[in-house]
Structure formats: structure tokens, C-alpha cells
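[1] For reference, the sequence and a predicted model appear below.
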Protein chains: 2
Amino acid sequence: MTVMETTGTGTDLCAGPPQQNRRPDGQDRYTISEVVALTGLTAHTLRWYERIGLMPHIDRSHTGQRRYTNRDLDWLDLVGKLRLTGMPVADMVRYAELVRAGDHTYGERFELLRTTREDVLARIDELRGTLAVLDRKISFYADAGRALASEGSR
Amino acid sequence: MTVMETTGTGTDLCAGPPQQNRRPDGQDRYTISEVVALTGLTAHTLRWYERIGLMPHIDRSHTGQRRYTNRDLDWLDLVGKLRLTGMPVADMVRYAELVRAGDHTYGERFELLRTTREDVLARIDELRGTLAVLDRKISFYADAGRALASEGSR
DNA sequence: CGCTTGCTTGGAGCGCACTCCAAGGTTCTA
DNA sequence: TAGAACCTTGGAGTGCGCTCCAAGCAAGCG
């Protein structure tokens, strides 16, 4: 038995919310500029992601141009989320390698995600701390502003 | 009238929680390595902060060595917090310039902090979004792990 | 056909935030 | 008073994550 995900061959997608602006599977051969429009990444970045192994090798047209699939877009969505967590690109490449390596890396992927989750929680806490400091200073300046204003109106 | 903060001359500190490991005001002349120990920054970074205008000009011993004050440490604490928010160094320098420029920049400082606060809130929300994705994937892998384990024990 | 627009590649360049270096002066401890 | 440990400076170097360039092929259109 192999644990099933979406359609089987070595991705790692456990179906998030369905994405907008996509073509149905079967007609999903997007040019790089379409992917730029859908993801907000630049074409440079998309090619770079492929070069460094963060993307699987993308399918090509008969003339060698990239044709991205819905599956590729799903992967890019995940990469986008991981990037938002602040995960270094090198770690995402590591994760991509694990996905390519097959089912026996599930444990390692799990660990990597769990660690990332912990990091995110810690970061949120850190930000809450800074928020407290900001609020203290902001209310100081608000008071100072009022004091100066009332002085101005005297 | 001048709106009072701690002791008057052009800082911007509205007294957070009192800091540990400090000497009382009056004997507060810390060497750079003491500040390294207190802040976790490197000496390189402290000198660099000064060069780029993120610190006021630090007081010197009669031979030209830096002697930091409690006030300087307070400022470094704030800088540390702002850095945690992800604020670019250039923006912090701008804030430092406003502080040096005097009381008439209160409004601008207020705005800068308010914007930063909004950014932090947005970032926290963003992180919560990634947390949802991570949790979904993590539970997927947990299930997959259990499935493989039960298969292995059969 | 000519023109525009889009795509390809390897490799160089950039902005940020440090990080380190060399060469020399200072301060502390035994 | 010797030696270790620490401090000074301007400038160069580093690692990350892109970002851009040049030169050339390809596709669509009047």
C-alpha cells in the first residue's frame, strides 16, 4: 500500500481550498507569464526556483518553453506559504528533495513541518511582544501630541 | 513647555520595564564588550549602527574608547524590538534622525510607529494563515505515518 | 516578409544586514 | 613591566534571495 495524496506520483499536496483562475486538469498547461500573473512571482524567480531545485523539472512545449500544471501551481502555493513563515530557501529545497525522494521520507517531512510550526508560534509571540512596546510608545506620543496641541490652543 | 520624557535631552524613551544587569545612572559607562554581553549584538554591529546613524554619537573615554550609558542601552532595546518587527534598518535610521531633530517631530514619529504597528498586525495575521496550512499538512503526515505504522505491524 | 512580443540560457549584479580584516593603540593582571 | 586581552578605524567581504543582462529562438499578425 502507498498512502494516497491527490493523484499519486510524488507530490505532497493534501488539497487546500480549491484555487481560483485555474483551468481544469487536462487543459492545465500554463506559460510562465500566466504563472507570473497567478502567483505574483517574477519569471526570473520562477526559473531560479527551478534551477536551485525548489521546483520539480517543469514540463516543456515542443519548442522548449515551460508549461506549468495545476500541480505545479499547488506546489508554488505551498512554497509561498513556507516563504511567509521565513523559512530559508535552502530548507524549502531540502523539503522538495524529500518529496522527490518518495514516501519513505514522510517522517522527515513531518519533523521539518513540525519544527517550522514551532518557529511560527515563537515568531508570533515575539511579534506580540513588540506590539506591546509599540503600543506603549504610541500612546506616549498620542499623549505628547495632545499636550502640545492644548498648549498651542492656549 | 517641552513634553518630558526620561531626562530631557532628545531621547525618546518612555520607560519600559526596568532593565536587569545595569549599573545605576551616574556609574553607567559601559565598554563595548559589556554592551555586547548585555544586548547579544556583536561589537561590529554596534560600531556599524553608530556609523550609519542608527545610534547617537557614543561618549568616549579620554583615549577614544566608547563608553555606553544606560540611555544608550535603552535605545538599543528599542532598536532590537523594531528589528524584530522586520522594520528595515533604513527606517530605523529615519526614526533616529527624527528623535535627534527634536520635539517638533513627534507627529512624524507617531505616524511611523502607527504604520509599523499595522505592519506587525498584518504580519501576525499572515503567520496565522501559514499556521493553518502547516497544521493541515502536519495532520496529513501524522495520519500517513499512522497508516504506514499499522501496515508495518501487520 | 517584417515586426512585436514572449520565451530560452548561463552567468553577472544588486541590496540588505551584517561580518571581518589589518594595523595599531590601550587597559588589565601577574 | 611584560604579556594577554581589549579597543580603534576605514574599507573590504559574505550570504541570502532575488534581479537583471545579452544573445538568440519562436509565435502571432498585417
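    Sure thing, it's come through.

[2] So what's the predicted local confidence for the residue nearest the centre of chain A?
    Centroid check for chain A by Cα atoms, centre = their mean gives A:G80 as the closest residue, at 1.6 Å. Looking at A:G80, its pLDDT is 96.

[3] tell me the SS of it?
    With DSSP: H, G, I helix; E, B strand; the rest coil as the basis, A:G80 sits in helix.

[4] Extract the CA atoms of stretch A:21-32 and return them as PDB.
    Only the C-alpha atoms of stretch A:21-32 are listed here, as PDB (Å, rounded to 0.1, in the frame of the first residue of the first chain):
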ATOM      1  CA  ASN A  21      -8.400  31.300 -12.000                       C
ATOM      2  CA  ARG A  22      -7.300  27.800 -12.900                       C
ATOM      3  CA  ARG A  23      -8.100  25.800 -15.900                       C
ATOM      4  CA  PRO A  24      -9.500  22.300 -15.300                       C
ATOM      5  CA  ASP A  25      -7.000  19.400 -15.100                       C
ATOM      6  CA  GLY A  26      -6.200  18.200 -18.600                       C
ATOM      7  CA  GLN A  27      -6.000  21.700 -20.100                       C
ATOM      8  CA  ASP A  28      -3.600  22.900 -17.400                       C
ATOM      9  CA  ARG A  29      -0.600  23.900 -19.400                       C
ATOM     10  CA  TYR A  30       0.300  27.500 -18.300                       C
ATOM     11  CA  THR A  31       3.000  29.600 -19.800                       C
ATOM     12  CA  ILE A  32       5.500  31.200 -17.500                       C
END
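
[5] That stretch vs DNA strand C: in contact?
    Yes. Using Cβ under 7 Å from any atom of the strand, stretch A:21-32 reaches DNA strand C at A:31-32. Bear in mind the C-beta positions are built from the backbone N, C-alpha and C, glycine included.

[6] buried set for that stretch?
    Across stretch A:21-32, burial judged by 16 or more other Cβ atoms under 10 Å in any protein chain shown covers A:30, A:32.

[7] so where is chain A shaky, pLDDT-wise?
    A:1-20, A:148-154 (pLDDT under 70).

[8] Helices along that one, start to end?
    A:32-39, A:43-51, A:70-84, A:89-101, A:106-152 (DSSP state H).

[9] Need the winner for burial among those helices.
    Here the criterion is mean neighbour count by mean count of other Cβ atoms under 10 Å in any protein chain shown, and of the helices of chain A the winner is helix A:70-84, at a mean of 19.
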